[in-house]
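>>> sequence-free structure coming up:
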């Protein structure tokens, strides 16, 4: 079932594939930062490294990415 565009009211919408590609890129970067923080913190103590990696992962959460695109007006939106 198509979602209704909140901007123009059209049901002519599609899932934005860029959402999944963008999410993969963002999470790859987040993972690299968390591993780096964990390695640096792990030089001092295992628990410090784990906590640093966990806090970095949480702090870099991008929130909800817009997942739909309207074919009529071209705007992206999330439901």
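Done, it's in. The structure presented is a predicted model; accordingly, all values stated were derived computationally and were not measured.
>>> Look up phi and psi at the residue of the chain positioned farthest from its centre.
Distance to the chain centre peaks in the chain at residue 44, reaching 30.4 Å (criterion: Cα atoms, centre = their mean). Per-residue torsions, residue 44: phi -90, psi -50 (degrees, to the nearest 10).
>>> In which helix or strand does residue 48 reside?
helix 46-59 (DSSP states H and E).
>>> Can you list the buried residues in that helix?
Neighbour-count burial for helix 46-59, with 16 or more other Cβ atoms under 10 Å as criterion, is recorded at 49, 52-53, 56-57. Backbone N, C-alpha and C define where each C-beta goes, glycine included.
>>> and that helix, what other elements does it pack with?
Counting by 3 or more Cβ pairs under 8 Å, 6 or more residues apart in numbering; DSSP states H and E, the packing neighbours recorded for helix 46-59 are helix 18-42.
>>> Quick one: mean pLDDT over the helix it packs on.
Averaged across helix 18-42, pLDDT comes to 90.
>>> residues near residue 24, how many?
By other Cβ atoms under 10 Å, 10 other residues sit near residue 24.
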